[in-house]
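**Student:** Sequence and computational prediction follow.
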Amino acid sequence: MTNKENLLKKLADRPIGVVGKQKEYAVMILLTETDEGLSFIYEKRSEFVKQSGDICFPGGRIEEGESIINCALRETEEEIGIPIEKIEILGQFDSILEVNRLRIHTVVAYVDKSGLDSLDLSECEVAQVFTVPVNFFKEKKPHTFHNKIYQDTKDFPYELTGISPDYNWRIGSQTIYIYHYMNHIIWGITAEISKWFVEELL
């Protein structure tokens, strides 16, 4: 087998991956019907976890060999107690790539009143669960903050690369959305997912 033939075979049999190790997470975009119509179900992080007080969807890191959907189901049951059999999966939605090599996959699901009656919050992770009508995100324009992301290159070994210390490094940017709903602040990734979901599907 020639070098070219060997490469052709390896490329044909090899799944396409992503260069650089990434942390993979899955979150559940959980929906239900309330008196205000179709609504998102959010949780507020407890004081015992990182980013305490933040509003988010149920979710967490994907375990070895675990599918995106199974991760989202497991995390939802662990965090807010809704049994898996009461969660109706509607499908997978888009993924978000974060600047710190973090990929967040989203799964869309529906829970009826019997599922909501099963709520049993994990006190070490979740302080509160509440709903927000999806129409709020249709009607409300978010506050936006444009965050510039710089590279810290003060210790970069310029002499090894042959480039000048005044090299024009790339600068990234990130738009952060902020919504105020009653006494809740929905911002960051959760706000971005909610906004994108409503714009794309509703």
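**Tutor:** Now that the structure is in, tell me what you want to look at.

**Student:** Quickly find the element holding the most centrally placed residue in the chain.
**Tutor:** Taking CA atoms, centre = their mean as the criterion, residue 104 is the residue nearest the geometric centre of the chain, at 4.0 Å. Using DSSP states H and E, the element containing residue 104 is strand 102-110.

**Student:** Against residue 201, how distant is the residue nearest to the centre of the chain?
**Tutor:** Distance, residue 104 to residue 201, using CB to CB, to the nearest Å: 17 Å. Yep, even glycine has a C-beta here, placed from its N, CA and C like the rest.

**Student:** in this structure, what spans have low per-residue confidence?
**Tutor:** Scanning the chain for pLDDT under 70 picks out 21.

**Student:** And the helices in it, which stretches?
**Tutor:** 3-13, 68-80, 113-116, 134-139, 158-161, 188-201 (DSSP state H).

**Student:** would you list those in JSON lines and tack on mean neighbour count and distance to residue 51?
**Tutor:** Listed next are the helices of the chain as JSON lines, based on neighbours: other CB atoms under 10 Å; distance: least, CB to CB, whole Å:
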{"stretch": "helix 3-13", "mean neighbour count": "9", "distance to residue 51": "41"}
{"stretch": "helix 68-80", "mean neighbour count": "21", "distance to residue 51": "14"}
{"stretch": "helix 113-116", "mean neighbour count": "15", "distance to residue 51": "25"}
{"stretch": "helix 134-139", "mean neighbour count": "15", "distance to residue 51": "21"}
{"stretch": "helix 158-161", "mean neighbour count": "9", "distance to residue 51": "36"}
{"stretch": "helix 188-201", "mean neighbour count": "17", "distance to residue 51": "9"}
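
**Student:** Dump stretch 63-83 to CSV, keeping only the CA atoms.
**Tutor:** The C-alpha trace of stretch 63-83 is given here as CSV (Å, rounded to 0.1, in the frame of the first residue of the first chain):
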residue,chain,number,x,y,z
GLU,A,63,-19.4,11.5,31.4
GLU,A,64,-17.3,9.0,29.5
GLY,A,65,-19.4,7.0,27.1
GLU,A,66,-22.5,9.0,27.9
SER,A,67,-24.7,10.5,25.1
ILE,A,68,-25.7,14.2,25.1
ILE,A,69,-29.4,13.3,25.7
ASN,A,70,-28.6,10.9,28.5
CYS,A,71,-26.4,13.4,30.2
ALA,A,72,-29.1,16.1,30.1
LEU,A,73,-31.7,13.7,31.4
ARG,A,74,-29.5,12.5,34.3
GLU,A,75,-28.5,16.0,35.3
THR,A,76,-32.1,17.2,35.3
GLU,A,77,-33.2,14.3,37.5
GLU,A,78,-30.3,14.8,39.8
GLU,A,79,-30.7,18.5,40.2
ILE,A,80,-34.4,19.1,40.3
GLY,A,81,-35.8,15.6,40.8
ILE,A,82,-38.1,15.2,37.8
PRO,A,83,-38.1,11.5,36.9
